[in-house]
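>>> give me a model of this one.
(one chain, ligands or ions: 1)
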Amino acid sequence: MKPISAILRPCFGLVLMSVLLLPQVGKAVEVETADDIQFYTLKNANGMTVRITNYGAIIMSIVVPDREGNMADIALGYNDIASYTNAVDKPYFGAVVGRYGNRIAKGKFTIDDQEYSLAINNPPNSLHGGIIGFDKVIWNGSVDDETNAVTLSYLAKDGEEGYPGNLNCSVTYRLTDENAIEIDYLATTDKATPINLTQHTYFNLKGEGEGTILGHELMINARRFTPVDETLIPTGKTPAVQGTPFDFTTAKPIGRDIAAENEQLKFGGGYDHNWVLDKGGQTGEMTLAATVYEPKTGRVLEVSTTEPGLQFYCGNFLDGRLTGKSGKSYVHRGGFCLETQHYPDSPNQPNFPSTILKPDDEYATKTIFKFSTR
Ligand code: GLA
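Sure, this is the predicted structure:
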């Protein structure tokens, strides 16, 4: 294996060259390098910025205005890579998770009569791609100043973390002047493999480190969800949310029903579940998945996706031990994730939409995080 520095230097050279050679029309993506890792800052016409690194394809910060025009960073995380790698707990802040985001029961699945075994890193299951998932590897970066985008690519080898097939994948982050982060995921493989890529940013629309997210008002465009067993593996059923704490069809504060007497909430330690998005019969089409409104600042986040599911996780495992980039501690439920995806454990659930990518097919999904104020 080549040392990381040997892989990154030529790639950084190209990036630097393209930044230097292109006319600087006020929109160039800023590229920095430190300890052989790249950092990219996307800016738009409104002064919104998004900082990304090729380590784990992590979104390190998202700076957006509130209704008075005050800017704040609303994404949990750190300023440097060492803080991500050395933290006492690694909750996937801002990362792309894969090869299979979410859980696979007992870390086992079968394709074409062959059984595969994954590391059990979330006993008794496999979570978010294994021990060294896509959140902990170095991606190859390239920038496109024309479209204000960064593309990160990664080749996951056949057998890596127990998954079959060489998987060539990329994620493109593009910042628009409509304050939207457009995320495109692409992948191809040379052997049939499960794949489920998602973005694991923790949002707090008040600002990172500004207490809990329980007062944020959430709408999820879903009338059904996938209840789980005590290990957070779906039972396979998709009951209606109506009349349960899982009903977010009309916006309500995240904290309103979170303490209700409910077995599912007990299993998740709060919300940590997948919703079956209402696609209006438009499988694979871009539709609205969720809207979040924070009353104090007026900030709004709209999530749209081509994916059929949405894992809403409200930071139940955060407990104040981690201190973020501005020195504030990340308290219990101090951030929420809206992970657009296929349903958990799909490789073992015949009734769920398939997550198996075959050679000759292309995996292509898209998710948009759009910010505004009210
Ligand atoms: C996902 C899972 C959660 C938890 C977080 C990371 O959202 O569903 O259970 O593992 O990632 O802490």
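>>> need the pLDDT of P10.
You'll see P10 listed with a pLDDT of 41.
>>> residues making contact with stretch 280-292?
203, 205, 216-222, 248, 251, 277-279, 300-308, 310, 312, 336, 338, 340, 353, 366, 368 (CB atoms under 8 Å, 6 or more residues apart in numbering). For the C-beta atoms, the positions are set from N, CA and C on the backbone; glycine is no exception.
>>> what's the end-to-end length of that stretch?
Stretch 280-292 has its terminal residues 21 Å apart, counting by CA to CA, to the nearest Å.
>>> now stretch 69-80
Its start and end residues considered, stretch 69-80 measures 27 Å (CA to CA).
>>> confidence score at the residue lying closest to T297 once chain neighbours are set aside?
In space, T297 comes closest to D66 once its chain neighbours are excluded; the distance is 3.8 Å by CB to CB, 6 or more residues apart in numbering. With respect to pLDDT, D66 scores 98.
>>> how many other residues sit next to D66?
18 (other CB atoms under 10 Å).
>>> what does it show for phi and psi?
With angles defined as degrees, to the nearest 10, D66 sits at phi -90, psi -170.
>>> so what's the closest residue to S304 other than its chain neighbours bridging to?
Distance criterion CB to CB, 6+ apart; nearest residue to S304, sequence neighbours excluded, is I368 at 4.6 Å. Beta bridges link I368 to E182, S304 when assigned by DSSP bridges.
>>> and I368, what is it in contact with?
Applying CB under 8 Å, 6+ apart, the residues near I368 are 180-183, 286, 302-305.
>>> for it, give me the pLDDT.
Confidence at I368, expressed as pLDDT, is 98.
>>> gap between it and P359?
29 Å (CB to CB, to the nearest Å).
>>> give me the low-pLDDT residue ranges for the stretch 1-150 of the chain?
1-27 (pLDDT under 70).
>>> contact partners for T231?
T231 touches 103, 105, 124-125, counting by CB under 8 Å, 6+ apart.
>>> switch to 7 Å and redo it
124-125 (CB atoms under 7 Å, 6 or more residues apart in numbering).
>>> tell me which residues touch the closest residue to the ligand within the stretch 201-350 of the chain, please.
Using CB to the nearest ligand atom, Y313 is the residue of the stretch 201-350 of the chain that sits closest to the ligand, at 3.4 Å. By CB under 7 Å, 6+ apart, Y313 lies in contact with 271-272, 336-337, 339.
>>> so what's the residue count around D113?
Neighbour count of D113, defined by other CB under 10 Å: 5.
>>> should've said I52
Neighbour count of I52, defined by other CB under 10 Å: 27.
>>> could you find the closest non-adjacent residue to it?
Y40 (4.7 Å).
>>> so V31 sits against S142, correct?
No. Between V31 and S142 there is no contact under CB atoms under 7 Å: 9.9 Å.
>>> and T212, what are its phi and psi?
According to degrees, to the nearest 10, T212 has phi -90, psi 170.
>>> how much space between it and G315?
Taken as CB to CB, the span from T212 to G315 is 8 Å.
>>> same deal with D145?
In this view, D145 and G315 are 35 Å apart by CB to CB.
>>> which of these two has more neighbours?
G315 (26 against 15).
>>> give the contact list for the residue nearest to T297.
Neighbouring residues of D66 by CB under 7 Å, 6+ apart: 72, 297-299, 373.
>>> how about G98?
129, 133-134, 195, 197.
>>> start to end distance for stretch 259-266?
One end of stretch 259-266 to the other measures 9 Å (CA to CA).
>>> what residues does the protein have near the ligand?
91-92, 102, 127, 232, 272, 311, 313, 317, 337, 339 (CB under 6 Å from any ligand atom).
>>> swap in 5 Å and give it another go.
Proximity of the chain to the ligand (CB under 5 Å from any ligand atom) is limited to residues 91, 272, 313, 317.
>>> okay, and the beta partners of the third one?
Beta-bridge pairing of Y313 under DSSP bridges involves D272, C337.
>>> the stretch 201-350 of the chain: helices as residue ranges?
263-268 (DSSP state H, counting those that start in this stretch).
>>> re the thing from before, quick check: neighbours shared by T212 and G315?
With CB under 7 Å, 6+ apart as the test, T212 and G315 both reach 333-334.
>>> before we move on, back to that, filter the contacts of stretch 280-292 to the buried ones?
203, 205, 216-222, 248, 277-279, 300-308, 310, 312, 336, 338, 340, 366, 368 (16 or more other CB atoms under 10 Å).
>>> restricted to strands, list those.
Cross-referencing the buried ones among the contacts of stretch 280-292 against strands under DSSP state E gives 217-220, 300-305, 310, 312, 338, 340, 366, 368.
>>> out of the residues you listed, which two sit at the greatest distance?
Using CB to CB, the two most remote members of these are E217 and K366, lying 25.4 Å apart.
>>> what about I132, neighbour count?
For I132, the neighbour count with other CB under 10 Å is 12.
>>> find the nearest non-adjacent residue to it, please.
Distances taken as CB to CB, 6+ apart put E161 closest to I132, at 6.6 Å, once the chain neighbours are dropped.
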